[in-house]
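[1] From the sequence below, what's the structure:
(one chain, ligands or ions: 2)
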Amino acid sequence: MSFELFDGLDPPTEEVLADGAVLLRGHTLASAPQLLAEMRAVTEQAPWRHLVTPGGFTMSVAMSNCGRQGWVSDRHGYRYSACDPLSGLPWPAMPALFAQLAREAAARAGYADFDPDACLINRYAVGAKLSLHQDKDERALGQPIVSVSLGLPAVFLFGTDRRTDRPRKHRLQHGDVVVWGGPSRLAFHGIEPLPLGDHLLTGRFRYNLTFRKV
Ligand code: SIN
Ligand code: FE2
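    Ligands and ions are numbered 1, 2, ... in the order given. Model prediction:
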């Protein structure tokens, strides 16, 4: 068996993180440059911004969205909105390539018929982090989360649905996709502060696309 496409790199492998949670290593390596180009087109329309939490903290991760619904936060709480609060316009449409990747990764992880209507786009600069949290602002808890890593590597924390259980650490690299649902749908997860680095395609940044069905 040969893996010409992966030219000197490891072939894609699957790693079970927990019951219902799978890390698909290198799953989207080949389409990453195109995903980044589509992402840049989205953020030209809906620019990066640092949201404020209900507690009044400004998030270190810069965010944008595409799709019918976008995740937003402000002093009033976390929620989904059909419009970008900065422009009052609907979020940019989800690129077909994004939706296709999300569906295909979900299916490979055992979740057929994933139908995402929201894609949160995260940008991490050096030191940016995401504290342990659950993705629970969606009504469709029967559908999984699909999370795509692009650019600089980061340490991903993945635990259980109890905040007090110590999460395990996984290094996420460019092209990796994590899918969690079923018994892991409400698992606490987060990203440790991004180390300094320089990536061929993304420079000093890590990007993450998180697909959800709201
Ligand atoms: C998230 O939990 O929304 C993002 C996780 C990541 O950046 O990998
Ligand atoms: Fe999350």
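[2] Please identify which residue in the protein comes closest to ligand 1.
    residue 208 (3.3 Å; Cβ to the nearest ligand atom). All C-beta atoms are positioned from the backbone trio N, CA, C, and that covers glycine.
[3] mind checking the backbone torsions on the residue most central in space within the chain?
    Central residue of the chain (Cα atoms, centre = their mean): residue 210, 2.9 Å from the mean position. The phi and psi torsions at residue 210 (degrees, to the nearest 10) take the values phi -120, psi 120.
[4] I'd say it and residue 119 touch.
    Yes. If you go by Cβ atoms under 8 Å, residue 210 and residue 119 touch, sitting 6.9 Å apart.
[5] mind showing which ranges of this protein have poor pLDDT?
    Within the chain, the stretches with pLDDT under 70 are 1-12.
[6] Tell me the residues on this structure that lie near ligand 1, please.
    Residues of the chain lying close to ligand 1 by Cβ under 6 Å from any ligand atom are 120, 122, 130, 147, 149, 156, 189, 191, 208, 210.
[7] Counting neighbours, which of the residues you listed comes out on top?
    residue 149 (26 neighbours; other Cβ atoms under 10 Å).
[8] Wasn't that residue part of a strand?
    Yes. Per DSSP: H, G, I helix; E, B strand; the rest coil, residue 149 lies within a strand segment.
[9] roughly how far apart are it and residue 76?
    The gap separating residue 149 from residue 76 is 30 Å, by Cβ to Cβ, to the nearest Å.
[10] ok, now residue 170?
    Per Cβ to Cβ, residue 170 is found 33 Å from residue 76.
[11] the more surrounded of the two?
    A count of neighbours by other Cβ under 10 Å puts residue 170 above the other of residue 170 and residue 76, at 17 against 8.
[12] Looks like that one contacts residue 22 (just checking).
    No. Under the criterion of Cβ under 8 Å, residue 170 makes no contact with residue 22, lying 11.3 Å away.
[13] Give the residues shared as contacts by these two.
    Listed as contacting both residue 170 and residue 22 by Cβ atoms under 8 Å, 6 or more residues apart in numbering are 15, 178.
[14] who's in contact with the residue nearest to residue 70 when sequence neighbours are not counted?
    Distance criterion Cβ to Cβ, 6 or more residues apart in numbering; nearest residue to residue 70, sequence neighbours excluded, is residue 91 at 4.4 Å. Counting by Cβ under 8 Å, 6+ apart, residue 91 touches 46, 65, 66, 67, 68, 69, 70, 82, 83, 84.
[15] Write a ChimeraX command that selects only the buried members of those.
    Here is the ChimeraX command that picks out the buried ones among those, judged by 16 or more other Cβ atoms under 10 Å:
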select :46,65,66,67,68,69,70,84
